[in-house]
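S.K.: everything below, folded, please.
(chains A and B)
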Amino acid sequence: MSAASIGLNRFGYGALYGSSHTKQAELGPQEYLRKQISQYNPSPALIASRPKTGGKAGAIISAIRDARRKRRNAGDENTEGDPREDYRETVRQSAQVFRSDVALRLKTAVQSETPMAERLVHFWANHFAISVRKPGTQLEAGELEFSAIRPHIFGKFSDMLKAASLHPAMLLYLDQFQSVGPNSPFLQRRRRRNNGRDQGLNENLAREIFELHTLGVDGGYSQTDVTQFAHALTGWTIPGIARIDQFAQQQSGGASFVTMAHEPGARQIMGRTYKEGGAEQALAILDDLASHPSTARFIATKLARHFAGDTPPSVLVDRLAADFQTTNGDLASLTRTLIASPEVWVDQPVKYRQPFEWLVSSFRMTGVTNLSDRRIFNVLRELGQVPWQPPSPAGYDDIEGSWAGPDALFRRVELAERIARNVPSDDVMVRAQAAFPGALSDNTRTWLSRAESGEQALGLLLVAPEMMRR
Amino acid sequence: MTQSTLINRRHMLAGSLVIGAGTIAAPRMAFAAAPGERNVLFAMLRGAADGMAMLAPVGDPNFAKLRGTHLGEYENARKADGFFAIHPAFESIGAAYGAGEAAFVHATATSYRERSHFDGQNLLETGATAPYATTEGWLNRLTALIASEHGSGMPKALAIAPTVPLALRGPAPSSSYAPSNLPEASEAFIDRVSRLYGADKQLGELWSQALSTREMAGDDTLRNLRDAKAAGELAASLMREKNGARIAMIDLGGWDSHANQPGQFRRQAGQLDTLLGAYKAAMGTAWDNTLVMVVTEFGRTAALNGTNGTDHGTASAAIVTGGTVKGGQVIADWPGLGESQLYQARDLKPTISLESVLAGAVAGHMKIDAKRSMDHLFPGRETNPLTGLIRA
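M.R.: Residues are numbered from 1 along each chain as shown, chains lettered A, B, ... in the order given. A predicted model of the protein is given here:
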């Protein structure tokens, strides 16, 4: 790969056909990337004009619980059944919001003048992965990325951590919204009224913040730390939950804090003491986690893996970790250090493109813009990578083996032929050279030139080795 | 010393419960089919499936203390002897148990002792003794081992998924297939892509595997894998023919039940049961030569958490079913559920190595030397492969 092609494809999402990106990348690939840090718009028109959908999940969940309780009281034996049928309309609307946000995310990337920044948005969103499953989450998934990730990709890691880990979508996904301190006033009162069915602690979010958002699995925490952190997080929930919402204090990122559900007392985590402090207790812990050396190392490794290959050179990891540590998680500085690192400019492709990035690049190359939300969503599902729907809280894998599958490749070929059929397919060779300046192989050039038609040539370009790896 | 005698020794020493004691002396018989016709389906339950919900130890007095509000689930459940109750959603698995074609192993875990899903799955899939120690999967090694043990070609290995899961990755060839509703590519385009990829090692290999698997699948009308019955039938259609896959893997996610576990577990277990029931029916006579192993990365806490669910734990249960399985038994060295009997006063304590279950089952089924099976598939472990899961 040439430096220009690396700047466009390894860092970004490919050249936008008909734009000046190729020329800029050829003139100065590092400058082309550094400029994107200042040009990046966290809230482009498409996103800025999107109606807010957050804050409703609590009411939806409360309605489900109500319906369940009514059924139970009515003597219906099937109390664990899915009462979602009672408000089909809400479910239908939520699904529509989700599809439309997925399409919005893709279109934003396809049109972007700062594709490296868009890649970083998606990198960080995958780091703070959520997956829509519980009712109401569909309304919050896009909100998390648009309001908790986008504003921070060139800001402080600690700000992103607090915004994302405590975003309503995360509180829902990792069960935090219903975790209650075992000795909280709320639970003590409730115990008296409730016949045995206990409520209390859920340690899911605490563990995943340690393991997946900050320190990494070998980062030096113990089971006791997990439980202590889970205690500190109690009280953090989503707005709109019946019966506790009247006690809730609205927090800046959309979450609520209910002091009555918070476990009283000080916490001991990895040798540090955090005094009682309501909502502030968890925030203080998150701040310390953000500046922990294990976090610097964990983030550096993931970032290096995304840009320098599945097994990144340790010298690059060391350099990024040092930058993260000395700047206290300044992500603009981290990005500049990444751009200036020789290890990310190696000639040979280092990554197999994931389905989402392959589709974004294909659309940027062919100029597809007018697909319906539903079509975009369905295509991403067939390709195996719907945003905000990874199989686990670890997000989508960032290694080749998870994506380079025979059947997955076949799907891209099927889709490539379909795309090529529906867009202008003149000048395929010009497009190919603009997309991979100085990096188009003789083999690809040969088979493009031997194609039966412009349409077939464009289809082949979309699945050429240059498109599959970056 | 075999695993069975180890269990019996523990039985005498610790007074713990042993079920399925008939695992030691089974008459030796010749295999009905050559190993080349044998099938292995590996189903991985991702997210840490709760073994105590799958196969509830209702005979343990502490179970009611830990899971009192869930006891109702098992009121009319099929009993596996007097001690365990099979989750009622396991209708066809329960029936197979009754018919002697399904067995359970309980209180089993890999050598992994932390509580990360991802590391736990990595260790289980690679078969290494530490997460991320290798990028090769144990099923991939099994493919090569079968070929070398029987002096045959590599058996066809297939993931029923768009991509190849870690357990199947490695030097031995494997393919992947999953139904989609994308428009089919034209023959002309497929031909051109074949030429384009001719000079590219990675894409060329993926492509030729995709083409041959497509041929095997014929014209399935299935659009995705979410329909459990159709997914089971698809798996069978890819495995029952002579030129089909001999080794296959299928993933089932959604077992991480941190909150309101009963409903979630019932749905997931129902899906698994439907899939396996449909698979068995569609395999026809090939079922007689089939081994299905259903496992998860680790179990869940013994007690319920504060949200009527369970958190990440240690030991779980495994299901082994198929025509060659010596079913109708629960193999367990039950550790007990008292606080001092739990692992770290929290989780079901592992007493049987899950690696030994997998190595022992495939060795018996594929007629491979059990020791070599353990050494190749799960190297670096002290435990012996578990015997007695396969009808001799």
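
S.K.: in chain B, which residue sits closest to chain A?
M.R.: residue B:306 (2.4 Å; C-beta to the nearest C-beta). Placement of C-beta: from N, CA and C, glycine included.

S.K.: any idea how far that residue lies from residue B:341?
M.R.: Distance of residue B:306 to residue B:341, computed by C-beta to C-beta, to the nearest Å: 23 Å.

S.K.: which of the two has more residues huddled nearby?
M.R.: residue B:306 (22 against 17; other C-beta atoms under 10 Å in any protein chain shown).

S.K.: I'd say the more buried one and residue A:179 touch.
M.R.: Yes: using C-beta atoms under 8 Å, residue B:306 is in contact with residue A:179, at 6.3 Å.

S.K.: which residues do the two both contact?
M.R.: Common neighbours of residue B:306 and residue A:179, using C-beta atoms under 8 Å, 6 or more residues apart in numbering or on different chains, are A:200-202.

S.K.: just the residues you listed now: which is nearest chain B?
M.R.: Looking across the shared contacts of residue B:306 and residue A:179 and measuring by C-beta to the nearest C-beta, the closest to chain B is residue A:200, at 2.4 Å.

S.K.: phi and psi next, for residue B:152.
M.R.: Main-chain torsions, residue B:152, degrees, to the nearest 10: phi -110, psi -180.

S.K.: for it, which non-adjacent residue is closest in space?
M.R.: Once flanking residues are discounted, residue B:152 sits nearest to residue B:36: 5.9 Å by C-beta to C-beta, 6 or more residues apart in numbering or on different chains.

S.K.: the spatially most central residue of chain B pairs with what?
M.R.: In chain B, the C-alpha nearest the mean C-alpha coordinate belongs to residue B:294, at 2.4 Å (C-alpha atoms, centre = their mean). When bridges are called by DSSP bridges, residue B:294 pairs up with residue B:43, residue B:319.

S.K.: verify the contact between it and residue B:316 for me.
M.R.: No: using C-beta under 8 Å, residue B:294 is not in contact with residue B:316; the gap is 10.6 Å.

S.K.: now the shared contacts of residue B:306 and residue A:179 in JSON lines, with neighbour count and pLDDT?
M.R.: Output for the shared contacts of residue B:306 and residue A:179, formatted as JSON lines (neighbours: other C-beta atoms under 10 Å in any protein chain shown; pLDDT from 0 to 100):
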{"residue": "A:200", "neighbour count": "21", "pLDDT": "89"}
{"residue": "A:201", "neighbour count": "21", "pLDDT": "93"}
{"residue": "A:202", "neighbour count": "25", "pLDDT": "94"}
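
S.K.: return only those of those found close to chain B.
M.R.: A:200-202 (C-beta under 8 Å from any C-beta of the partner chain).

S.K.: where in the stretch 1-150 of chain B is pLDDT low?
M.R.: B:1-34 (pLDDT under 70).

S.K.: now the helices for it?
M.R.: In the stretch 1-150 of chain B, the segments counted as helices under DSSP state H, counting those that start in this stretch are B:3-14, B:51-54, B:61-67, B:91-98, B:117-126, B:138-150.

S.K.: switch these over to JSON lines; also include mean neighbour count and distance to residue A:53.
M.R.: Output for the helices of the stretch 1-150 of chain B, formatted as JSON lines (neighbours: other C-beta atoms under 10 Å in any protein chain shown; distance: least, C-beta to C-beta, whole Å):
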{"stretch": "helix B:3-14", "mean neighbour count": "16", "distance to residue A:53": "55"}
{"stretch": "helix B:51-54", "mean neighbour count": "27", "distance to residue A:53": "35"}
{"stretch": "helix B:61-67", "mean neighbour count": "17", "distance to residue A:53": "38"}
{"stretch": "helix B:91-98", "mean neighbour count": "20", "distance to residue A:53": "40"}
{"stretch": "helix B:117-126", "mean neighbour count": "23", "distance to residue A:53": "30"}
{"stretch": "helix B:138-150", "mean neighbour count": "21", "distance to residue A:53": "43"}
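
S.K.: minimum distance to residue A:43: which of the ones you listed has it?
M.R.: Residue A:43 sits nearest to helix B:117-126 of all the helices of the stretch 1-150 of chain B, at 33.0 Å, using C-beta to C-beta.

S.K.: and the closest one, C-alpha only, in CSV?
M.R.: This file holds the C-alpha atoms of helix B:117-126, laid out as CSV (Å, rounded to 0.1, in the frame of the first residue of the first chain):
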residue,chain,number,x,y,z
HIS,B,117,-16.8,-14.6,29.3
PHE,B,118,-14.3,-13.8,26.7
ASP,B,119,-11.2,-15.3,28.3
GLY,B,120,-13.3,-18.3,29.3
GLN,B,121,-14.6,-18.9,25.8
ASN,B,122,-11.1,-18.4,24.4
LEU,B,123,-9.6,-21.1,26.7
LEU,B,124,-12.5,-23.5,25.9
GLU,B,125,-12.2,-23.0,22.2
THR,B,126,-8.4,-23.0,21.9
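
S.K.: about what we covered before: and the residue nearest to the centre of chain B, what does it touch?
M.R.: Contact partners of residue B:294, counting by C-beta under 8 Å, 6+ apart, are B:43, B:45, B:272, B:276, B:318-321.
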